[in-house]
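Student: sequence and predicted structure are below.
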Amino acid sequence: MEVGFLGLGIMGKAMALNLLRHGFSVTVWNRTLSKCEELVESGASVEETPAGVIKKCKYTIAMLSDPSAALSVVFDKDGVLEQMCSGKGYIDMSTVDAQTSSKISEAITKTGGCFLEAPVSGSKKPAEDGQLVILAAGEKALYEEIIPAFDVLGKKSFFLGQVGNGAKMKLVVNMIMGSMMNAFSEGLVLADRSGLSQQTLLDVLELGAVANPMFKLKGPAMMKNAYPPAFPLKHQQKDMRLALALGDERAVSMPVAAASNEAFKKARSLGLGDQDFSAVYEVVKVAGSSEES
Ligand SMILES: NC(=O)C1=CN([C@@H]2O[C@H](COP(=O)(O)OP(=O)(O)OC[C@H]3O[C@@H](n4cnc5c(N)ncnc54)[C@H](OP(=O)(O)O)[C@@H]3O)[C@@H](O)[C@H]2O)C=CC1
Ligand SMILES: O=CC(=O)O
C-alpha cells in the first residue's frame, strides 16, 4: 500500500518509520525538509510540497503540531487542496479542535476527496512500537480502506462517527492526562516536603487503585528533574486550552483542568515548552515552596 506522510516531528517520524518497516511505500514531506533525510535512508521517497505528496499518493496521513499547522498545510500555497480530488483520501492524525477538523473536512470534501480525522492516544514509545490508540471519525469508507495502516500504527482503532468526535474524544482524554500530571507532581512535592521517599511513593502508587503507566514511566525521570521530550509540554498546554474551550462551549465547569492549564502556561513562560509535559513538575515545585524553606 502506498501512503503519503506530512509532518515528521516526534510522532510523525516514528509512525512513518513504522509504516516503512511493515512494507508500506511511504512518500514524506516536512516543513523543515532536512528532517526527511533519515526517512529516505530507511526507504521513503520525498516530495518538496504537501501538494506533491497528495498528487503522488491515493492516501495521505498528516501529523502536525496544532490547528494553525494543520490548516496551513491544507489551505496555503502548495498545500493539500491544490491536488486533492475524487478517489483520494486525507487522514489528519494531529490533535486539533473539532472546528479545525470540520473546516478541513469541508474543504477536502468539496474537492471530491474523502476525509478522516484520527488523533491518537499514546506517545513517542507507543508510536515507535505501533501501540497507539486511534480515535477516528469522518468518512467510514475511508476508515475501512486505511485500516491496514492503522493496524500497523496502533493496537486499537475506534470509529466514533461524524467529524469532530475524534477530536473531542482526544481533548477529553488529554484534559484528564494533564490534570493527572499536575496532581502527580503535587504528590511528589508533598511526599518530599513531608520527609517521605518519592521512590516509595511510586512503589505504593503502583500497587494501588491509581496505578497507571504514566506515573510509572515519568516518575523516575521527574525525581531526577529530567524531562526528555516525548510529549512536548507546549502541545499538552495546547490540548488543555482546546479542552477548556470545549468546556466553555458546552458550559462544563472544569476548575481542575483550568488550574492545570495555568501551571502548563507558567511552565511555557519559563521556557519549558519543548521539554516533556512532565516538566510542569518544575512549576509545582516552586509553587509548593513553603515559608519554612
Ligand atoms: N508527542 C506525543 O507524545 C504526542 C503528540 N500528539 C499530537 O501529535 C501532533 C504532533 O506531535 P509531535 O510529533 O509530538 O510534535 P512535534 O513538535 O515533534 O512535530 C510537529 C510537526 O509539525 C510541523 N509543523 C509545525 N508547524 C507547522 C506549520 N506551520 N506548517 C507545517 N508544518 C508545521 C513540524 O515541522 P518542523 O519539523 O518543520 O518544525 C513537525 O513536523 C500534535 O498535534 C500533538 O499534540 C498526540 C499524541 C502523542
Ligand atoms: O497526546 C499525548 C499522549 O500521550 O497521548
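Tutor: All right, it came through fine. The structure presented is a predicted model; accordingly, all values stated were derived computationally and were not measured. Ligands and ions are numbered 1, 2, ... in the order given.
Student: measure the closest residue to Ser253 other than its chain neighbours to ligand 2 for me?
Tutor: In space, and not counting its chain neighbours, Ser253 is closest to Gly247: 7.3 Å by C-beta to C-beta, 6 or more residues apart in numbering. Just so you know, the C-beta spots here come from the backbone N, C-alpha and C atoms, and that holds for glycine as well. According to C-beta to the nearest ligand atom, to the nearest Å, Gly247 and ligand 2 sit 18 Å apart.
Student: again, but for Ala51
Tutor: Using C-beta to the nearest ligand atom, we find Ala51 at a distance of 28 Å from ligand 2.
Student: now the residue in the chain that ligand 1 sits nearest to: how far from Leu132?
Tutor: Going by C-beta to the nearest ligand atom, ligand 1 is nearest to Gly9 of the chain, at 1.8 Å. Using C-beta to C-beta, to the nearest Å, Gly9 is found at 15 Å from Leu132.
Student: go on, Phe158?
Tutor: According to C-beta to C-beta, Phe158 stands 11 Å off from Leu132.
Student: which one's more surrounded, the two?
Tutor: When Phe158 and Leu132 are compared for neighbours, Leu132 comes out ahead with 27 against 17, by other C-beta atoms under 10 Å.
Student: residues of the stretch 151-293 of the chain that sit close to ligand 2?
Tutor: Applying C-beta under 6 Å from any ligand atom, we find that the stretch 151-293 of the chain lies next to ligand 2 at 174, 231.
Student: now for the closest residue to Gln199 other than its chain neighbours, how many residues are close by?
Tutor: Spatial nearest neighbour of Gln199, excluding adjacent residues (C-beta to C-beta, 6+ apart): Met223 at 7.0 Å. Number of residues near Met223 (other C-beta under 10 Å) recorded here: 16.
Student: pretty sure Met223 contacts Leu201?
Tutor: No - taking contacts as C-beta atoms under 8 Å, Met223 lies outside contact range of Leu201: 9.5 Å.
Student: element containing the residue nearest to Ser253?
Tutor: Using DSSP states H and E, Gly247 maps to helix 233-250.
Student: around ligand 1, which positions in the stretch 51-200 of the chain sit nearby?
Tutor: Taking C-beta under 6 Å from any ligand atom as the criterion, the neighbours of ligand 1 within the stretch 51-200 of the chain are 63-66, 69, 72-73, 94-95, 120, 123-124.
Student: pull up the per-residue confidence for the closest residue to Pro232 other than its chain neighbours.
Tutor: Leaving aside its sequence neighbours, Pro232 sits nearest to Asp274 (C-beta to C-beta, 6+ apart; 5.6 Å). What the model reports for Asp274 is a pLDDT of 98.
Student: surely Asp274 forms part of a helix?
Tutor: No - counting by DSSP: H, G, I helix; E, B strand; the rest coil, one finds Asp274 to be coil, located in no helix.
Student: if I look at it, how far off is His235?
Tutor: Asp274 sits 10 Å away from His235, going by C-beta to C-beta.
Student: higher neighbour count, the two?
Tutor: His235 (22 against 13).
Student: the protein: helices as residue ranges?
Tutor: Taking DSSP state H to define them, one finds helices in the chain at 10-21, 37-41, 50-56, 67-75, 98-110, 124-129, 140-153, 165-193, 198-207, 213-223, 233-250, 255-269, 280-287.
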